[in-house]
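Sequence and predicted structure below; questions after.
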Amino acid sequence: MDIYNWNWGVIAGFANAIATLLTGLIALLISSQWKKKKRSEILSNEAAKILVILGDYEEILIYLDSEMMKPSKSDNRNKLEELNQIAHQLISRATLFGELATKERDVTKEIKSIAAKLYNRAKDLDDKSFKDIRDMSGNSKDLILISEFNNAIEQPKAMMIDYFNHQKTI
């Protein structure tokens, strides 16, 4: 077999096609990895925002609990309105997170439900008298709203912390 009789143009064209195909596959692999990392970063950022909003929500519940546990009735309308606004922020952030993390739609529904439920509970308690609230809590020294919130939000909050720490695989 004579090396000079090979059609080097065909061989070069074939080698060029293989190189082009390999380059495309490598670019596709890099793009896929970048998208996965970027998505993880976005989910982490959204989880951080949800955690901050949960902290704000918790602060207002603590305030409302302490005000409602006082014998003298104070006007909590401003704080209830603030709680309502934060609940709306929490619901919209949870909705966005659920759209991004399709596997976690149940968790986001749970967060939205907790926010709405506790807002309505705070509103109901604000209409009750000090005696009614104390009777509801019984011998418990725990504040009602914040203990209910902490119990309800424990699992969803832990999941948000996992996403925030990039520990959750997507």
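Perfect, thanks for sending it.

drop to CA atoms for contacts and neighbour counts, all remaining ones
Will do.

In what element of secondary structure is the residue positioned nearest the centre of the chain found?
Geometric centre of the chain, nearest residue: Ala47, 4.0 Å, by C-alpha atoms, centre = their mean. Element membership for Ala47, per DSSP states H and E: helix 8-68.

The helix or strand following that helix: which residues count as buried?
Heading C-terminal from helix 8-68, the first helix or strand you meet, by DSSP H and E, is helix 77-100. With burial defined by 16 or more other C-alpha atoms under 10 Å, the residues of helix 77-100 counted as buried are 80, 83-84, 86-87, 89-91, 93-95, 97-98, 100.

and what of stretch 150-159?
For stretch 150-159, by 16+ other C-alpha under 10 Å, it's Ala152, Ile153, Pro156, Lys157, Met159.

Okay, angle between the helix holding Ala47 and helix 77-100 too, please.
Taking axes from the mean of the first three to the mean of the last three C-alpha atoms, to 10 degrees, one finds helix 8-68 and helix 77-100 inclined to each other by 160 degrees.

Confirm for me that Lys157 is in contact with Val52.
No. Taking C-alpha atoms under 8 Å as the definition, Lys157 is not a contact partner of Val52, at 10.8 Å.

separation between Asn84 and Ala12?
69 Å (C-alpha to C-alpha, to the nearest Å).

the bottom helix or strand of this structure by mean pLDDT?
helix 130-137 (a mean of 60; mean pLDDT, DSSP states H and E).

which is the next helix or strand following that helix?
Next along from helix 130-137, by DSSP H and E: helix 144-164.

what's in contact with that next one?
40, 43-48, 50-51, 58, 61-62, 64-65, 107-108, 110-111, 114, 118, 121-122, 137, 168 (C-alpha atoms under 8 Å, 6 or more residues apart in numbering).

Just the buried residues of these.
By 16+ other C-alpha under 10 Å, the contacts of helix 144-164 give 40, 43-48, 50-51, 58, 61-62, 64-65, 107-108, 110-111, 114, 118, 122 as buried.

Just give me how far stretch 145-162 sits from the chain centre.
Chain-centre distance of stretch 145-162: 12 Å, with C-alpha atoms, centre = their mean, to the nearest Å.

so where is this protein shaky, pLDDT-wise?
1-4, 71-73, 127-143, 167-170 (pLDDT under 70).

What is the helix or strand harbouring Ser113 packed up against?
In the assignment (DSSP H and E), Ser113 maps to helix 105-126. In terms of contacts (3 or more C-alpha pairs under 8 Å, 6 or more residues apart in numbering; DSSP states H and E), helix 105-126 is packed against helix 8-68, helix 77-100, helix 144-164.
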